[in-house]
Structures are given as structure tokens and as C-alpha cells.
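1. got a predicted structure here, sequence first:
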Amino acid sequence: MLSFEQRQDSTEMTVTSVNLTQGGGTITAEGQMGEYGRVYLTYALDS
């Protein structure tokens, strides 16, 4: 079984791009995250 646990406080992120396609797409964002500094993330979407 896979479980997810929050390891640090949540933070606000700024969406920098959204690319939607017939098969899904991607959403990218960035923000400041405590000791890590500026962080970047990508959500890959699949339909």
C-alpha cells in the first residue's frame, strides 16, 4: 500500500504554464518553500 505524508508546511505556488492536450497535458508552477528556497513542480495529466 502506498501512503503519502506531509513532510513540511504547505506553501503557495504560482502557476507558470498550462498545456492541455487531447491525451492530458502538463501544469507547471514555482514558489518559495522554506529551507529548499525556490522550487519548481510539474503535474503530468493523463486522461
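-> Received it, and whenever you're ready, just let me know what you need. Numbers count the residues shown, from 1 in each chain.
2. list phi and psi for Tyr40.
-> When read as degrees, to the nearest 10, the backbone of Tyr40 gives phi -130, psi 140.
3. might you report the residue contacts of it?
-> Thr28, Ala29, Glu30 (Cβ atoms under 8 Å, 6 or more residues apart in numbering). All C-beta atoms are positioned from the backbone trio N, CA, C, and that covers glycine.
4. try it again with 7 Å
-> Contacts of Tyr40 were listed using Cβ atoms under 7 Å, 6 or more residues apart in numbering, and they are Glu30.
5. gap between it and Thr21?
-> In this structure, Tyr40 lies at 21 Å from Thr21, with Cβ to Cβ, to the nearest Å as the measure.
6. same question for Asp46.
-> Asp46 sits 10 Å away from Thr21 when distances are taken as Cβ to Cβ.
7. swap in Ile27?
-> Distance, Ile27 to Thr21, by Cβ to Cβ: 12 Å.
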